[in-house]
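Visitor: 3D model of this:
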Amino acid sequence: MLHRGHQSTDGTGGGELTVPMAWLYAEYIADELLRTGDLMPPTSFEFRAGRDALALTIFLSDTDGELPGIRVVTQLETWLSLTAYDQPWQDWVRERMAGLTAEAATSPDPAPDLELAAAAWRWLEETELLAPDLNAVPGGAPVVGEDEGPKVWTPAWQLGLPLGHLAIHLF
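Guide: Numbering: from 1, shown residues only. Predicted coordinates:
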């Protein structure tokens, strides 16, 4: 899965640059979905969280070894179900990453796609963003503007995942 289109045309690898096309394509699809939804400014950390969560979902759901290309529309339902609120997305990501890491450990070829996916996952897990507290007790002070009201530090993936899910719906 990780190495299609990565080796030189003669198949030798030969120390040439390995391009992480699968990850870059997943990131491109995620970026386009979020931009189309126009939910957050593309320069915001929230946008990055949504893009990375969605790109991980796209990349890790590719069990056939080839991203769907022109068939992206046929994958939207799969991505919606994986990013739904009641799904254990974080556990699913950990399991898929562990499986792909084990697979890559037995391969002599480098796995740049997996390295970029792992970096995105680390960022999503380790970074916290200040977000509105959706579990705040109702009946408190009225919220006048979007910058007012209770805030809570939230792991980036918990903010990015619903953003990505909503972007798919809006597509």
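
Visitor: show me what the lowest-mean-pLDDT helix or strand in the chain is in contact with.
Guide: Every helix and strand of the chain was ranked by mean pLDDT, DSSP states H and E. The lowest is helix 72-83, at a mean of 84. By CB atoms under 8 Å, 6 or more residues apart in numbering, the surrounding residues in contact with helix 72-83 are 29, 53-54, 57-58, 61, 68, 87, 89, 92, 161-162, 164-165, 168-169, 171. Where you see a C-beta, it was placed from the backbone N, CA and C, and this is true even at glycine.

Visitor: filter those down to the buried ones, ChimeraX style.
Guide: A single ChimeraX command suffices to select whichever of the contacts of helix 72-83 are buried according to 16 or more other CB atoms under 10 Å:
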select :29,53,54,57,58,61,68,89,161,162,164,165,168
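
Visitor: inside strands: which ones of the contacts of helix 72-83?
Guide: The members of the contacts of helix 72-83 all map outside strands under DSSP state E.

Visitor: what ranges do the helices span in the chain?
Guide: Taking DSSP state H to define them, one finds helices in the chain at 21-37, 45-60, 72-83, 89-105, 112-126, 156-170.

Visitor: and these: which comes nearest Pro132?
Guide: helix 156-170 (9.8 Å; CB to CB).

Visitor: what is the mean pLDDT for that closest one?
Guide: Per-region confidence: helix 156-170 scores 91 on mean pLDDT.

Visitor: contacts for it next, please.
Guide: By CB under 8 Å, 6+ apart, the surrounding residues in contact with helix 156-170 are 30, 33-34, 36-37, 39-40, 45-54, 57, 76, 79-80, 83-85, 89-90, 123-125, 127-129, 131.

Visitor: which of those residues are buried?
Guide: Applying 16+ other CB under 10 Å to these flags 30, 33-34, 37, 39-40, 46-54, 57, 79-80, 83, 89-90, 123-124, 127, 129, 131 as buried.

Visitor: Ile166: neighbour count?
Guide: I think there's a mix-up here, since residue 166 is Leu and not Ile. The local packing of Leu166 (other CB atoms under 10 Å) involves 16 other residues.

Visitor: okay, it and Glu46: tell me how far apart.
Guide: Taken as CB to CB, to the nearest Å, the spacing of Leu166 relative to Glu46 amounts to 12 Å.

Visitor: residues touching Pro155, list them.
Guide: Under the criterion of CB under 8 Å, 6+ apart, the neighbours of Pro155 are 124-125, 127-128.

Visitor: do that again at 6 Å, thanks
Guide: Pro155 is in contact with Glu128, counting by CB atoms under 6 Å, 6 or more residues apart in numbering.
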